[in-house]
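Undergrad: here are the coordinates; sequence isn't available:
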């Protein structure tokens, strides 16, 4: 997808403080959680903060969980709050104690505020036309990285962290990826970049097609062909994989992931799973001497490596983005993100025309 909005570098003048359009998460008296356009207050940055104008804000599976009220109780969400923990933007003003960041700098940020507090999840996030963020959560965006790609680095970093935990991927590996949301597609990107042979599994034709465009060697619909190892053998001549990445959280896919792993294979569980039980043959763990590891999120330490990776390889992570929706239709963005038949990755962007004259008032589809 070509970048069409908000890659600006000149938002250096602090606007009057007040309220700005935002995408809000609300909880009604009856417990119903809704996402809707609204306004959020803007304050001057504290000494350790940056005031940022967002370019893009990603819609994540976590945002869907918040909408459905299915977040774990350990996450103490404050309502109403501004959505958005995957983002890129431009510094408007730096707090008096901030070093290394200046107005006009292009930035992105991780979301960990400490403990179980998360920017855009338990506290206000980036889906407001101006927002403040602690400067120590932010990183400079290299010149080689466009703003849309920068806003997708969060799931990319999650995958990089998971792959580090299982020893990485090389050109000697066959990799199976089950589930092709943002995590699964970023796994495809990293596996293909490493030179591995990649086979993907997902019911969505759009997502399978996207994975093939990213370099996957074969794409299989596990609903139509539940014998995934047989399908892989028919497509590639080899039923099993050296590395299996489960990125859907679906219990059937988790079971298939174990079945897909070859002797001494490595299985990485990244999909968020809500069922308490999965019909998996645990005997395979010992029978094939499997290494099974889970990975959720991206610790702060992995972010610089993820940013360097993307900059050095000139990866265009925007290729996984299917739609950009303006803040004023934030509720639509959340609904679209749940439709895997039409969407791969949904992004939000401010409605206002940017300094380059490109508006985010329409929906853009990937070619």
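TA: Thanks, I have it. Given the structure is predicted, the values throughout are model-derived calculations rather than measurements.
Undergrad: next, the residue nearest the centre of the chain: phi, psi?
TA: For the chain, the residue sitting closest to the mean C-alpha position, by C-alpha atoms, centre = their mean, is residue 155 at 3.5 Å. When read as degrees, to the nearest 10, the backbone of residue 155 gives phi -60, psi -30.
Undergrad: isn't it right next to residue 182, touching?
TA: Yes - shown here, residue 155 and residue 182 form a contact pair, counting by C-beta atoms under 8 Å, at 4.2 Å. Where you see a C-beta, it was placed from the backbone N, CA and C, and this is true even at glycine.
Undergrad: low-confidence stretches in the stretch 51-200 of the chain?
TA: Across the stretch 51-200 of the chain, the ranges flagged by pLDDT under 70 are 70-72.
Undergrad: sorry, back to before: residue contacts, the residue nearest to the centre of the chain?
TA: Residue 155 is in contact with 58, 60, 86, 182-183, 186, counting by C-beta atoms under 8 Å, 6 or more residues apart in numbering.
Undergrad: tell me which residues touch residue 49, please.
TA: Shown in contact with residue 49 (C-beta under 8 Å, 6+ apart): 95, 98, 132-135.
Undergrad: phi, psi for it please.
TA: Dihedral pair for residue 49: phi -110, psi 160, per degrees, to the nearest 10.
Undergrad: just residue 263 next, same as before
TA: Here residue 263 shows phi and psi, under degrees, to the nearest 10, equal to phi -60, psi 130.
Undergrad: what about residue 164, how many neighbours?
TA: Neighbourhood size, residue 164 [other C-beta atoms under 10 Å]: 12.
Undergrad: part of a helix, is it?
TA: Yes - checked against DSSP: H, G, I helix; E, B strand; the rest coil, residue 164 lies within a helix.
Undergrad: just to check, it is in contact with residue 299?
TA: No - under the criterion of C-beta under 8 Å, residue 164 is not in contact with residue 299, lying 10.1 Å apart.
Undergrad: need the strands for the stretch 251-367 of the chain, in chain order.
TA: Shown for the stretch 251-367 of the chain, the strands assigned by DSSP state E, counting those that start in this stretch span residues 261-269, 291-294, 323-326, 346-349, 364-365.
Undergrad: can you check the stretch 1-150 of the chain too?
TA: Assigned by DSSP E, counting those that start in this stretch, the strands in the stretch 1-150 of the chain fall at 19-27, 33-41, 49-58, 81-82, 86-94, 106-109, 112-114, 117-118, 131-134, 138-140.
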